[in-house]
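Undergrad: Whatever this is, show me its structure:
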Amino acid sequence: MFDLTKARPRDPGAALFAGLLLALLGLSRPALAQNTRLEDPNSILWVTNTSTLRFAEKWSGHLEYQWRRDRWGQTWQQSLLRTGINYKVSDALTVRLGYAWVETFPYGDYPIQGAGRQFTEHRGYQLAQLSSPTQGRVEISHRFMLEQRLFGRYLSPASERPDEWVYVNRLRYMLRLQMPLGKPKMEDKTPYLAAYDEILIGFGNNVNANVFDQNRLGLLVGYRFTPQFRVEGGYFQQILQLPRLIGGRNVFQNNQGIILNTVVNLDLRKPAAK
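TA: Numbering: from 1, shown residues only. Below is the predicted model:
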């Protein structure tokens, strides 16, 4: 069995992956350390597809859908459609400008909005994806995202339409590690391990109880079939703080479950004439 804790000296990449993985696990623990709050555990299943559609040397389109479910897939948690335009600044840096449409459903013991209603959210966002120099076999990437969120708020379960629209900002940072198994570098027909942690911070006039918005941790096993297609899946944890107090206490969801990702990269440019 492959044991990350017993990596041989001649394989520093595995030792680095193990060390960074332990650091990622540590990032998700502080939010679980408080006792003066309400907790809401849920069992979730996230299935996502991310497609990159290249149409010029440095330009490409981004299309993403996330099917987020509660109770191991039985009921809705959230539906997210994200689009965007990418510009490749260099081999290490890609930037994106985009829009996302989100539907959030009532789930768990404490719905996100007090009225317990499904609500719509519109997001504009800007993103920068930075790849660090490879450390042995370990690939390291950083994702920075700034979001402008506008969502409908219901003040009563009987309201037919949102009673008001609320604007908030959010800043996100994700660190991702990836390491091929059995090969010195990532190539076709290669299994791999991946781990990531993402923290989401709210800011602005309308951020109330949750400056800390969420923390997301993923521990994945993947397989790259070709440069155009890969799949990955594994354990996923989402710690989410509600933007409201209940009985004067903060409410934290501790959502744990499975995430399955498919990644598609297509080149839409016409082949060069011979």
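Undergrad: Skipping adjacent residues, who's closest to Trp67 in space?
TA: Excluding the flanking residues, the one nearest Trp67 by C-beta to C-beta, 6 or more residues apart in numbering is Val47, at 4.5 Å. For glycine as for every other residue, the C-beta is placed from the backbone atoms N, C-alpha and C.
Undergrad: Write down the beta-bridge partners of that neighbour, one by one.
TA: Trp67, Leu260 (DSSP bridges).
Undergrad: Make 575 the first number, not 1, from now on.
TA: Sure, I'll start numbering at 575, so the last one becomes Val621.
Undergrad: what residues are up against it?
TA: 640-641, 643, 833-834 (C-beta atoms under 8 Å, 6 or more residues apart in numbering).
Undergrad: Closest to Asn660 out of those residues?
TA: Among these, Gln640 lies closest to Asn660 (C-beta to C-beta), at 18.1 Å.
Undergrad: My guess is Val742 contacts Gly776. True?
TA: Yes. Taking contacts as C-beta atoms under 8 Å, Val742 lies within contact range of Gly776: 5.7 Å.
Undergrad: Distance of the residue nearest to Trp641 relative to Gly831?
TA: Look at Val621 and Gly831: by C-beta to C-beta, to the nearest Å, they are 11 Å apart.
Undergrad: And for Asn660?
TA: Counting by C-beta to C-beta - Asn660 and Gly831 are separated by 29 Å.
Undergrad: what helix or strand is the closest residue to Val785 other than its chain neighbours on?
TA: Leaving out its chain neighbours, the residue that sits closest to Val785 by C-beta to C-beta, 6+ apart is Gly776, at 5.7 Å. Taking DSSP states H and E as the criterion, the element that holds Gly776 is strand 764-777.
Undergrad: buried stuff in that strand?
TA: Within strand 764-777, the residues scored as buried using 16 or more other C-beta atoms under 10 Å are 764, 766-776.
Undergrad: What ranges does the stretch 575-724 of the chain have for its helices?
TA: Remark: helices assigned in the stretch 575-724 of the chain by DSSP state H, counting those that start in this stretch are 586-601.
Undergrad: Low-confidence regions, it specifically.
TA: When residues are selected by pLDDT under 70, those of the stretch 575-724 of the chain lie in 575-590, 593-595, 597-609.
Undergrad: Would you map the strands across it?
TA: Ranges of strands in the stretch 575-724 of the chain, per DSSP state E, counting those that start in this stretch, are 611-628, 633-644, 649-662, 667-678, 693-705, 713-727.
Undergrad: Export those to JSON lines and append columns for distance to Arg798.
TA: Output for the strands of the stretch 575-724 of the chain, formatted as JSON lines (distance: least, C-beta to C-beta, whole Å):
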{"stretch": "strand 611-628", "distance to Arg798": "14"}
{"stretch": "strand 633-644", "distance to Arg798": "19"}
{"stretch": "strand 649-662", "distance to Arg798": "20"}
{"stretch": "strand 667-678", "distance to Arg798": "19"}
{"stretch": "strand 693-705", "distance to Arg798": "16"}
{"stretch": "strand 713-727", "distance to Arg798": "12"}
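Undergrad: ok, back up a step: for the residue nearest to Val785, give the beta-bridge partners.
TA: Arg744.
Undergrad: Pull the contacting residues for it.
TA: By C-beta under 8 Å, 6+ apart, Gly776 lies in contact with 742-745, 784-787, 817.
Undergrad: Please, a ChimeraX command that selects the buried ones among those?
TA: Selection of buried members from these for ChimeraX, criterion 16+ other C-beta under 10 Å:
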select :742,744,784,786,787,817
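Undergrad: So what sits opposite Arg611 in the bridge?
TA: Beta-bridge partners, per DSSP bridges, of Arg611: Asn824.
Undergrad: what about it, how many residues close to it?
TA: 14 (other C-beta atoms under 10 Å).
Undergrad: List the contacts of it.
TA: By C-beta under 8 Å, 6+ apart, the residues touching Arg611 are 823-826.
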